[in-house]
Every structure is written in structure tokens, then in C-alpha cells.
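J.: model the structure of this input:
(one chain, ligands or ions: 1)
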Amino acid sequence: MSLAPTNITEPSAVRSQTAQLSIRNVTKVFPGKKDLFSKLTGKARRNFVAIEDINLEIEPNTFVSIIGPSGCGKSTLLNMIAGLSSISGGEILLNGYPITGPGPDRGMVFQNYALMPWMTVEENLRFAVETVNPKMSKKNRDRIIKEHIQLVGLAGAEKKHPHELSGGMRQRVGIARALAINPQILLMDEPFGALDALTRGFLQEEVERIWEQQRKTVIMITHSIEEALLLSDRIIMMTRGPAARIDEILEVPFPRPRKRETIEQHPLYHDLKAEMESHLYRETRAVEEARIQR
Ligand SMILES: Nc1ncnc2c1ncn2[C@@H]1O[C@H](COP(=O)(O)OP(=O)(O)OP(=O)(O)O)[C@@H](O)[C@H]1O
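T.: Presented below is the predicted three-dimensional model:
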């Protein structure tokens with residue numbers, strides 16, 4: 001758990017919180033199977049170096065996307081930042097303190113929503129807020145829950161259960177829940193990956209609107225070039241694995257607030273898009289070639 005303090009405040013206020021994240025020489029090795037039984041049954045495996053020597057400084061109040069070929073280690077890196085996966089080498093510091101486990105200073109949004117199915121929308125948020133801040137008064141808690149339900153456009157759906165909601169609405173709950181604990185950093189692992197194209201577009205615009213209000217540090221994994229260009233200040237492009245690393249970091253200079261139609265008119269939009277396309281194509285092709293040679 002990080003030692004950095006967390007206070008829950010108004011969601012609508014632009015935060016003065018700082019969240020400097022330093023990723024230093026980070027490596028992740030998944031141990032192989034080397035026990036006698038695995039050897040005898042021919043199932044022994046070597047250690048697998050997923051990512052190697054990642055160095056990255058994430059400034060406060062920036063929106064950062066991570067993009068790279070499938071299986072390169074994006075989720076592995078995000079899970080280490082979340083404290084859900086151990087770090088094999090190097091360190092990750094949040095405001096100077098090493099991350100050693102999950103903590104309320106980091107909110108997570110998952111692709112599959114990860115809501116409690118037996119709880120209503122309101123109860124899902126209440127559970128998160130109560131867990132993080134058990135001593136908060138009921139009045140404050142109710143206010144925070146109400147504000148966050150409104151923030152994501154779910155007013156009127158408070159008493160519904162996840163199975164009564166569309167995918168887009170479920171992810172709105174996921175985002176509201178992550179923000180309601182007032183994390184310093186919002187971590188999103190392909191948050192729109194399970195949604196249809198139209199809903200995905202709407203939700204991207206919602207996230208852009210919310211980000212303009214809150215300016216929270218966000219780290220998002222995505223496979224979508226357009227999504228990364230719409231939302232990010234910086235785009236981290238990873239190489240293929242094993243031993244994946246950062247290939248290049250793109251600065252996205254489009255003024256905010258952003259609209260899809262306007263950024264597409266920016267003189268740099270097509271250059272940045274082409275650079276990302278060629279990076280992804282090159283890395284993915286190399287993965288496929290390696291697969292065929294195996
Ligand atoms: N628990 C584990 N044990 C062994 N290997 C693992 C484990 N988790 C992930 N890996 C391997 O580490 C590599 C990186 O996986 P990861 O899920 O981080 O990639 P990713 O870039 O997020 O993929 P995708 O874009 O497809 O979601 C993959 O080769 C994967 O098979």
C-alpha cells in the first residue's frame with residue numbers, strides 16, 4: 001500500500017493533487033515451471049521475461065496512453081502500477097514512495113467492468129467509497145455517490161443492477177466507481193474494448209469531458225489509435241515481447257478541450273496517426289513472423 005495520503009473531495013473541483021509516477025528500470029519475469037513433475041511430463045518452461053528495463057516519468061495531471069502489439073506486456077505494466085502484480089526488477093514510485101500493493105491512490109477501470117452483480121449502481125459506488133474511507137459521514141458519502149452518478153450521466157439508474165444495464169452504462173458505473181474514491185491516478189485497461197463502435201465513441205467523448213473537469217493523471221491501455229489521439233497528452237508505444245520495452249513516446253499537441261472533428265483537422269493529426277500505424281504494423285508483423293517460424 002502506498003504511503004501517500006488520500007482525501008476525498010469534490011469531484012467537480014479541479015484538483016491540486018500531484019501524482020508523479022516514476023517507473024525505473026522495471027522488469028517483469030513470470031517464473032517458468034521447473035519442478036520435477038513438469039520436467040517428467042515434458043511441461044517444464046523457462047522463465048518468461050515479459051517486459052524489461054522500462055523507464056518512464058508520468059507528470060501529474062497528464063493523460064497517458066499505452067499502445068503496442070497484442071501480448072507485449074501493457075496489462076502487465078499497468079497491473080504493476082496498480083500493485084496487483086509484483087515487480088521483478090526496478091521500482092515504481094508514486095510521489096517518491098514505492099508501490100508495493102494496491103491502494104486507494106490508484107483507481108482501476110477494467111475492460112469487463114468488474115462490478116458486483118448483486119449490487120445496484122449506487123451500492124457498487126457505496127461499497128468502494130466505504131471501503132476506502134470507512135469513517136466518512138453518511139451525508140458526505142451520499143453526496144459523493146450522487147455527484148459521481150451524475151458525472152457519468154447515470155442519474156435515474158441508481159437502483160438498477162448491472163444485468164439491467166447496457167455495456168456502455170456498466171462501464172460508466174466502472175468509471176464512476178473508480179473516480180468516487182478520488183484516486184490520484186486513474187488506471188484504465190482497455191476500458192472501451194468490449195463496447196460497440198458507437199457506444200465506444202460516446203464514452204470516449206464522456207471521458208474527455210470528465211478529464212477536462214478533473215485533470216486527473218490517467219494511464220490508459222488501448223488498441224485504438226484514434227482513441228489514443230483523442231484523449232492523450234502522451235502516447236507510449238511499446239515494442240513486441242518478450243522483453244518488451246518502450247520504443248517511442250509521442251507528444252500529442254492538440255489543444256483542449258478536444259472534439260474528434262476538430263483534432264482530425266489539425267496539421268499533425270495524420271502524421272501522428274501514420275507513425276502509430278506503421279509502428280503497430282511493424283511490431284505485429286514481427287510477432288506473426290516469429291509465430292510462423294516456431
Ligand atoms: N501470469 C502469467 N504467467 C505467465 N505469463 C504471463 C502471465 N501473464 C501474462 N503473461 C505473458 O506476458 C506477456 C504479456 O502479457 P500482457 O497481458 O501484459 O500483454 P498485453 O500487451 O496486455 O496483451 P493484450 O494487448 O493482448 O491484452 C504475454 O506473453 C503473456 O502470455
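
J.: surely M220 is within a strand?
T.: Yes. Read with DSSP: H, G, I helix; E, B strand; the rest coil, M220 is one of the residues of a strand.

J.: quickly note the distance from the residue of the chain positioned farthest from its centre to P31.
T.: The C-alpha centroid of the chain is most remote from L40, which lies 40.6 Å away (CA atoms, centre = their mean). Per CB to CB, to the nearest Å, L40 is found 19 Å from P31. C-beta here means a position set from N, CA and C on the backbone, and glycine is covered the same way.

J.: ok, R234 next?
T.: 32 Å.

J.: who's more crowded, those two?
T.: R234 (17 against 10; other CB atoms under 10 Å).

J.: for that one, which residues make a bridge with it?
T.: Each beta-bridge partner of R234 is listed here: V64, E251, as defined by DSSP bridges.

J.: same deal with V49?
T.: The partner residues for V49, given DSSP bridges, come to V29.

J.: spit out the contact partners of it.
T.: T27, K28, V29, G241, P242, A243 (CB atoms under 8 Å, 6 or more residues apart in numbering).

J.: can you redo these as a markdown table with neighbour count?
T.: Shown next, in a markdown table, are the contacts of V49 (neighbours: other CB atoms under 10 Å):
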| residue | neighbour count |
| --- | --- |
| T27 | 17 |
| K28 | 24 |
| V29 | 17 |
| G241 | 23 |
| P242 | 16 |
| A243 | 16 |
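
J.: so which residues of the stretch 151-294 of the chain form strands?
T.: When assigned using DSSP state E, counting those that start in this stretch, the strands of the stretch 151-294 of the chain occupy the ranges 185-189, 217-221, 234-238, 246-251.

J.: same for the first one, what does it pack against?
T.: In this case it means strand 185-189. helix 74-82, strand 106-109, strand 217-221 (3 or more CB pairs under 8 Å, 6 or more residues apart in numbering; DSSP states H and E).
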